[in-house]
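Engineer: Take a look and give me a structure for this.
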Amino acid sequence: MCGEAANGREAIDKAQELKPDLIILDITMPVLNGIDAAEILRKTMPHVPILFLSMHQSRQIITEAKRIGVRGYVKESDAAATF
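Structural biologist: Alright, predicted model coming up:
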């Protein structure tokens, strides 16, 4: 892990500064939500894969993630079960 952010705006700033190989975003973040942050990151860093990690799981969110170009979606409870 090369960085951690407290909100969506900070996630964008840190990603642009640190140039990670992978970005993992929560959908529910203050200041700027994960969907909006992912849209901005797709435009500014199109080569970096983005994954959503969230407690939310709905068709609408998954459809929106696909539209943006997010590479994957993991429900937090599923991620916790694999460790």
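Engineer: Could I get the phi/psi values of the residue nearest the centre of the chain?
Structural biologist: Closest to where the C-alpha atoms of the chain average out (CA atoms, centre = their mean) is L25, at 2.5 Å. Backbone torsions for L25, taken as degrees, to the nearest 10, come to phi -120, psi 140.
Engineer: Just confirm M29 contacts N7, I think it does.
Structural biologist: Yes - contact criterion CB atoms under 8 Å: M29 and N7 qualify, at 5.2 Å. Placement of C-beta: from N, CA and C, glycine included.
Engineer: Neighbour count: the two, which is higher?
Structural biologist: The residue with more neighbours, out of M29 and N7, is M29; 20 against 15, by other CB atoms under 10 Å.
Engineer: what are the phi and psi angles of that one?
Structural biologist: phi -130, psi 150.
Engineer: Am I right that the residue nearest to the centre of the chain is in contact with V48?
Structural biologist: No - with contacts counted by CB under 8 Å, L25 stays clear of V48, the gap being 11.4 Å.
Engineer: so who does S54 touch?
Structural biologist: Taking CB atoms under 8 Å, 6 or more residues apart in numbering, we find S54 in contact with D26, I27, T28, G34, I61, Y73, V74, K75, E76.
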